[in-house]
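[1] okay, structure incoming, though there's no sequence with it:
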């Protein structure tokens, strides 16, 4: 039963969250693009008429 105590120097390094952050940013941008396209699809005729084109 000679177990060595874990010291702070033996801790594993922190994982990088870069991939997670990039994934979240991409999902948010895709949602914004989809909302913009959907808004144009549903309200496009009204927008064009209000601009007198």
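    That came through, no problem. The structure presented is a predicted model; accordingly, all values stated were derived computationally and were not measured. Residues are numbered from 1 along each chain as shown.

[2] please tell me how far the residue positioned nearest the centre of the chain sits from residue 18.
    The centre of the chain sits closest to residue 24, judged by Cα atoms, centre = their mean, with a distance of 1.9 Å. From residue 24 across to residue 18, the span is 11 Å (Cβ to Cβ, to the nearest Å). Where you see a C-beta, it was placed from the backbone N, CA and C, and this is true even at glycine.

[3] still on that earlier bit, quick one: contacts for the residue nearest to the centre of the chain?
    By Cβ atoms under 8 Å, 6 or more residues apart in numbering, the contact list for residue 24 is empty.

[4] helix or strand: which one has it?
    Using DSSP states H and E, residue 24 sits in helix 18-50.

[5] starting at the chain centroid, how far to that helix?
    For helix 18-50, the separation from the chain centroid amounts to 13 Å (computed by Cα atoms, centre = their mean, to the nearest Å).

[6] and stretch 14-27, by the same measure?
    Here stretch 14-27 shows a centroid-to-chain-centroid distance of 8 Å under the convention Cα atoms, centre = their mean.

[7] which positions within that stretch qualify as buried?
    Taking 16 or more other Cβ atoms under 10 Å as the neighbour-count basis, stretch 14-27 is seen to contain no buried residue.

[8] for it, what is the average pLDDT?
    For stretch 14-27, mean pLDDT is 94.

[9] and residue 53, what's its pLDDT?
    Residue-level pLDDT assigned to residue 53 equals 64.

[10] revised request: answer the last question for residue 44.
    Residue-level confidence at residue 44 comes out at 85, pLDDT.

[11] and for residue 9?
    Looking at residue 9, its pLDDT stands at 64.
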